[in-house]
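Trainee: My questions are about this predicted structure, shown below with the sequence.
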Amino acid sequence: MWKCFVIGIAISCLFFLRCQNAPSVQQPNILLIMADDQGYGDLGSSGNPLIHTPHLDALAHESVRFTHFHVSPVCAPTRSSLMTGRYSLRTGIRDTYNGGAIMSTEEITIAEMLGASGYATGVFGKWHLGDNYPSRPQDQGFDESLIHLSGGMAQVGDFTTWFQGDSAYFNPVLWHNGQQQHYQGYCTDVFTDAALEFIEKQQSPWLCYLAYNAPHTPLQVPDRYYQLYQDVDPASGFPADQPFPRMSEKDKEDARRVYAMVTCIDDNVGRLLAKLEALNLTENTIVVFMTDNGPQQQRYLAGMRGLKGSVYRGGTRVPFFFRYPGKVAGNRDIDALAAHLDVLPTLAAITGASVPDDRPIDGRSLWPLLQNTAEAWQDRPYFSYWTRRYPEKYNNIALEQGVYKLVGHADYDAPIDSFELFNIRTDPYELKNIISTNRPEAEKLKKALDSTYRELIQSDHLVHQPPIIIGDSHENPVYLNRNDADGERGIWAQSQVYGRWNVEIRPGNYDISFRFLDTLPAGRMVLEAGTDVWQKASDGHSLVLELKNVEMPAFKGSLIPFYACRDGNLLPFWVELKRTK
């Protein structure tokens, strides 16, 4: 009897101690959904009467809607800022291809931050921050990943779908935890299926980053969705008091296909929300929906100026819905300037995860705004730019603070009168340049823009481009694709073009394969790595050439392959390097 009493007291004490040490608030699950090239106007809740998005519209109704939310003008920069809370140039991301879409492995991602707090993490869809070790999702904190390569399916960098052409979005070959795997179905459905499976099997709090590649080009969509819009006129039915772009017949057909792709996304979001409800997870799950930039093609954009790639609002302002039923009152708007930079610090504040304190974090936690406790939300400057390769001083560059926004489409030495200044509050469509009557405000913003620009272009990860590591046990073989090839600007599917890959090679022996797009004539395969040059004659008549048992020393720099022949120097479509010893 006495023994049972003592045991009972001990158990009670242990239970008390466990309760004392347990978190006072259950950590929420996080479902972060981002669509690709879906514009602000591609939702019914944004005033588009033509598009069918009932599930996303319902989510918007239940959410806190950030009505002044901005991202980068193009995709890879947006994704790096979302993952790190930092301007993309700090992370090494300077482009969407040309070797500029590789994020430094030294960056701390949302997945790494939350993983350290006990979260299971998964990414499904588009990564676009590096296709090789050490920049892949599994190298950056994700426990599970199912992705396509580079910037999009059927693009040159995604060589596993490139050759599928007009059917690339159907039955694709994708990369599951770094290994090629064939899937059946339409890509949006495939990525959703994988996300649902991930959610269903989790026992701990989880982060599910579902980054759809739709409605990015090529505009491939199941016919049952296209049929919903085949007779729609995408240029009719919109408010007469809003600016509306001129649409060519191609624009109209593209809009029909985009709307069809978005409706498919909407159905899949409906599946996700239904699963949360079925698993009794709705109350304790944060659901975020956003997009990565403005639309690529002309269509309804709620009157805003500019498309994808532009620093005008049409290129950077996107929908952002935040639903957290257990803690945050929904169905309300917040008009404060917010951005992709703010997602990481916001999730850190909610979950108790630690934000990296050894580097600048450009974002701010939105948690006070979400809780309605921000008595005096201070305006902060927001910098935006886009040009190919590296930022070009004063070309497609902007800085916004408060009600004013300064925009440059000017020469590097342009006077202040060459810029545009807008009052976003009174001129949300950016139609009236008021710089002539507000020079002091313009000068103030330009000074801040100059300072930010100078700081960012000196970022270590930008100056020293993150290398692809070859010969490491984490990835063998390594495939070098066209998206990550630097050299001439605009490398795509050309054969006669100079390209190179920035690499770090582990010493060893390698079997190397070079894949070309066209059958080769007689010539000579050449591979250069610093002072080492390997070359071998070929009779041609092939798409693939091999160099066997190449002894390569430790090396860091440009790996340069080309085939010298009567047609000039030809760049391989991809290079496979397999370390054998």
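Mentor: Arrived safely, thanks for sending.
Trainee: Going by C-alpha atoms from here, please, whenever you check contacts or count neighbours.
Mentor: Will do.
Trainee: Any stretches of this structure with poor pLDDT?
Mentor: Scanning the chain for pLDDT under 70 picks out 1-25, 374, 376.
Trainee: Can you give the domain ranges for it?
Mentor: Domain ranges of the chain: 29-370, 382-462, 468-579, per automatic domain parsing.
Trainee: Turn those into TSV, columns for mean neighbour count.
Mentor: TSV is the format used below for the domains of the chain (neighbours: other C-alpha atoms under 10 Å):
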stretch	mean neighbour count
domain 29-370	21
domain 382-462	17
domain 468-579	18
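Trainee: Could you confirm T346 falls within a helix?
Mentor: Yes. Checked against DSSP: H, G, I helix; E, B strand; the rest coil, T346 lies within a helix.
Trainee: going forward can the numbers begin at 25, since that is how I track them
Mentor: Happy to do that; since the first residue is 25 now, the last one works out to T370.
Trainee: these two touch, right, it and S389?
Mentor: Yes. T370 is within contact range of S389, at 4.1 Å (criterion: C-alpha atoms under 8 Å).
Trainee: Overlap in contacts, the two.
Mentor: Residues within reach of T370 and of S389 at once, by C-alpha atoms under 8 Å, 6 or more residues apart in numbering: there are none.
Trainee: Can you give me the first-to-last residue distance of stretch 245-260?
Mentor: 23 Å (C-alpha to C-alpha, to the nearest Å).
Trainee: got it, and stretch 494-504?
Mentor: End-to-end for stretch 494-504, by C-alpha to C-alpha: 10 Å.
Trainee: Give me the contact list for it.
Mentor: 156-157, 525, 527-532, 598-603.
Trainee: Relative to the longest strand along the chain, what are the paired strands and their orientations?
Mentor: Counting residues, the longest strand found in the chain (DSSP state E) is strand 579-589. Under the criterion DSSP bridges, strand 579-589 sits next to strand 523-529 (antiparallel), strand 547-553 (antiparallel), strand 592-594 (antiparallel) in its sheet.
Trainee: Show me the one of these that comes nearest M177.
Mentor: With C-alpha to C-alpha as the criterion, M177 lies closest to strand 523-529 of the strands paired with strand 579-589, at 21.1 Å.
Trainee: any idea of the angle the helix or strand just after the closest one forms with strand 579-589?
Mentor: Downstream of strand 523-529, the first helix or strand assigned by DSSP states H and E is strand 532-539. Orientation check (axes from the mean of the first three to the mean of the last three C-alpha atoms, to 10 degrees): strand 532-539 against strand 579-589 gives 40 degrees.
Trainee: What pairs with strand 532-539, parallel or antiparallel?
Mentor: strand 568-576 (antiparallel), strand 598-603 (antiparallel).
Trainee: Now do that strand: distance to the chain's middle.
Mentor: 31 Å (C-alpha atoms, centre = their mean, to the nearest Å).
Trainee: mind listing the helices for the protein?
Mentor: Assigned helices in the chain, in chain order: 26-45, 78-86, 99-108, 112-115, 134-139, 183-186, 211-224, 247-250, 273-302, 337-340, 367-375, 391-394, 463-481, 484-487 (criterion: DSSP state H).
Trainee: For those, give me a markdown table that also has distance to I494.
Mentor: Shown next, in a markdown table, are these (distance: least, C-alpha to C-alpha, whole Å):
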| stretch | distance to I494 |
| --- | --- |
| helix 26-45 | 45 |
| helix 78-86 | 43 |
| helix 99-108 | 23 |
| helix 112-115 | 21 |
| helix 134-139 | 23 |
| helix 183-186 | 19 |
| helix 211-224 | 29 |
| helix 247-250 | 42 |
| helix 273-302 | 37 |
| helix 337-340 | 36 |
| helix 367-375 | 31 |
| helix 391-394 | 42 |
| helix 463-481 | 27 |
| helix 484-487 | 19 |
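Trainee: between those helices, which gets nearest to N507?
Mentor: Per C-alpha to C-alpha, nearest to N507 of the helices of the chain: helix 183-186, 9.8 Å.
Trainee: Give the other helices and strands that the closest one contacts.
Mentor: strand 197-200 (3 or more C-alpha pairs under 8 Å, 6 or more residues apart in numbering; DSSP states H and E).
Trainee: same for the strand it packs on, what does it pack against?
Mentor: Short answer (3+ C-alpha pairs under 8 Å, 6+ apart): strand 197-200 packs on strand 168-172, helix 183-186, strand 203-206.
Trainee: Ok, which of the ones you listed comes nearest A553?
Mentor: Short answer: helix 183-186, nearest of those by C-alpha to C-alpha, at 23.9 Å.
Trainee: how far is that closest one from where the chain is centred?
Mentor: 19 Å.
Trainee: what's the answer for stretch 383-395, then?
Mentor: With C-alpha atoms, centre = their mean, you get 20 Å for stretch 383-395.
Trainee: next one: stretch 315-333
Mentor: Using C-alpha atoms, centre = their mean, the offset of stretch 315-333 from its chain centre is 17 Å.
Trainee: Quick check: end-to-end length of that stretch?
Mentor: 14 Å.
Trainee: Equivalent analysis for stretch 259-279, please.
Mentor: End to end - C-alpha to C-alpha - stretch 259-279 spans 9 Å.
Trainee: quick one: contacts of that stretch?
Mentor: With C-alpha under 8 Å, 6+ apart, stretch 259-279 has contacts from 72-74, 243, 257-258, 321-328, 453.
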